[in-house]
Structures are given as structure tokens and as C-alpha cells.
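>>> sequence plus the predicted model coming up.
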Amino acid sequence: MKFVFLVLSVFLASMVEFVEALTIVLAVGVTRQWRSTLLGVLAAALALAAFVAVLGTAIETFVPIDALRTVVGGFLLVFGLQWVRKAVLRAAGRKALHDEDAIFAREREEAARAGRTSAGMDWYAFTVASKGVFLEGVEVAFIVVTFGANAGNIGLASVGAVAAGLLVVVAGALLHRPLSAVPENAMKYGVGLMLTTFGVFWAGEGIGARWPGDDLSILPLLALFALASWGAVLLLRPRPVSAPASAAAAPVERQV
């Protein structure tokens, strides 16, 4: 059960980040120059691979498992609650939905304003693509390392991230446009719930708590956070404004 949730959580969280990175890469590549853009993506991917390898090895080798679960559980709880908070505000109509098409248009406009593309290396395209992929990828790397180290299987966590990355890249290459059809807002809500659930579960284990049913406790925790978040959505939704009393209700003088 724990490993199923591990792969699913990493897959969904990674897909959200990869979709956002794809939007940046497509906007820069279409507007500027594909060769420099793809070189930037490659540079960021190599840096992220080294980051995961070094950080994962250091954590597994030098950090005691209980301390790791406590610290990482706390980070995941804070990180997950931020995603859930934004998802609740969006579902309640208090915050605008995440729109990949609008982001794509804005990135293209900024790329077009940066000047002409030369025949050689386009350093604007390289820099924007590498920075976008690296920043989004750092969140993926953090989730892969923390989830994998806590579960004792970074390799399995990496499978979920790689699968999400391949799916997004293939879809982007085939469609050649932002993946705006992906229900990203719903995915962020689901990922936020999973991160919050794992954060509580692992932090509890790190301080010595013994969950009833061990890994099966993840399911009722997930259900509890889902119900609480939907309760918050209902509370935050704007109340319909009652119409003022009709003028027809006022006393009317008789015509004589």
C-alpha cells in the first residue's frame, strides 16, 4: 500500500511540475530558437540528475531514519498544506484558476520582446529554458528524494517521476502546444492532500507514534483531510445575496 501511494504521489506531483516546465520550454522554443532551448533543457536535466544522486546518497547514508521522517514529514506537511490551501481557494472561487494557455501567451510575449534571434547560440532561450526546467525540477527532485528516502526506495520514487516526465514530453511533442487540457488544478489538490497525508504519517512515525494498521492508516488520514478541505470550500464559497424587498410589496393607494 505504501509503495503504491509512493509511486502515485511522485507521479502526480512530478506531472504538475513538468506541465509547467513544458509551457515555458514551448513558449521559448516556438518564439526564439529550438536548438538553444533544448540545450538549456539538457543542461538543467543533467544538473537535476546530479542533484538527486548526491542529495539522495547523503540523506540515506548520514541521516538517521527517525530524524529524517520527522524533518521531512514536517516539510511535506507545510508544502502539502500550501497546495491544499490554494486548491481550496480556487474551488471556492476566491482565487483564479491556473491557466497554462495564459502563461504560454505571456512567456511568448516576453520572449518576443527580448530581441532578435541570431543564427548562433541564443543565450536568452538557453537561459530561460534551463532556469524554468531547473526550478520546476528542483521540486520534483525534492519529492523524489524525500519520498524515496523515507520509504527506503529512491529508485522506485524515481520511476514515478521519470514516467511523468516521459508522458508530458511525448504529449508536448505530439501536440506542440501547452497541455491546458490536463486538469492541473484538480491534480494539485490531489497532490496537496497526498503530501499532507504523508507528512503527518511520517512525522508521527519519526516521533515514535504507532499508527493503527501501519500503512493502512494512510487511507483514513487521506479521507479526513479530503473531507476537511471540502468543508473549507463550502464555508468559503460566496453566499448568494438576497434580493431587496420588491417595490410591489409596498402599500399601494387605491384609485378612486
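Yep, it's here. Residues are numbered from 1 along each chain as shown.
>>> can you tell me the element Ala232 falls in?
Per DSSP states H and E: Ala232 is located in helix 218-236.
>>> quick one: buried residues of that helix?
Of all the residues in helix 218-236, those buried under the rule 16 or more other Cβ atoms under 10 Å are 218, 221-222, 225-226, 229, 232-233. Every C-beta, even on glycine, is put in place using the N, C-alpha and C of the backbone.
>>> who touches it?
1-2, 5, 84, 87-89, 91-92, 94, 189, 193-194, 196-198, 200-201 (Cβ atoms under 8 Å, 6 or more residues apart in numbering).
>>> follow-up on the earlier one: make a markdown table out of the buried residues of helix 218-236 and add pLDDT.
Listed next are the buried residues of helix 218-236 as a markdown table, based on pLDDT from 0 to 100:
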| residue | pLDDT |
| --- | --- |
| Ile218 | 84 |
| Leu221 | 90 |
| Leu222 | 89 |
| Phe225 | 92 |
| Ala226 | 92 |
| Ser229 | 91 |
| Ala232 | 89 |
| Val233 | 88 |
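>>> and the two most separated of those residues?
Ile218 and Val233 (22.5 Å; Cβ to Cβ).
>>> residues near the residue nearest to Lys86 when sequence neighbours are not counted, how many?
With Cβ to Cβ, 6 or more residues apart in numbering as the criterion, Lys86 has its nearest non-adjacent residue at 6.4 Å, and that residue is Lys95. When neighbours are counted by other Cβ atoms under 10 Å, Lys95 registers 15.
>>> which residues sit in contact with Glu107?
Applying Cβ under 8 Å, 6+ apart, the residues contacting Glu107 are 23-24, 27-28, 31, 128.
>>> thinking again about what came up before, weed out the non-buried ones from the contacts of helix 218-236.
Judged by 16+ other Cβ under 10 Å, buried ones among the contacts of helix 218-236: 5, 84, 87-88, 91, 189, 193-194, 196-198, 200-201.
>>> what about this structure, any weak spots by pLDDT?
1-2, 60, 98-100, 115-119, 175-184, 240-256 (pLDDT under 70).
>>> tell me where it has helices.
2-31, 34-62, 65-91, 100-113, 123-151, 154-175, 184-206, 218-236 (DSSP state H).
>>> Pro212 is nearest to which of those helices?
Using Cβ to Cβ, the helices of the chain put helix 218-236 closest to Pro212, at 8.9 Å.
>>> quick one: work out the angle between the helix holding Ala232 and helix 184-206.
Put simply, helix 218-236 runs at 130 degrees to helix 184-206, going by axes from the mean of the first three to the mean of the last three Cα atoms, to 10 degrees.
>>> tilt between helix 218-236 and helix 65-91?
Helix 218-236 and helix 65-91 are oriented at 30 degrees to each other (the same axes, to 10 degrees).
>>> kindly provide the distance from the nearest residue to Leu167 once chain neighbours are set aside to Ala161.
Nearest non-adjacent residue to Leu167, counting by Cβ to Cβ, 6+ apart: Met15, 6.9 Å away. Using Cβ to Cβ, to the nearest Å, Met15 is found at 9 Å from Ala161.
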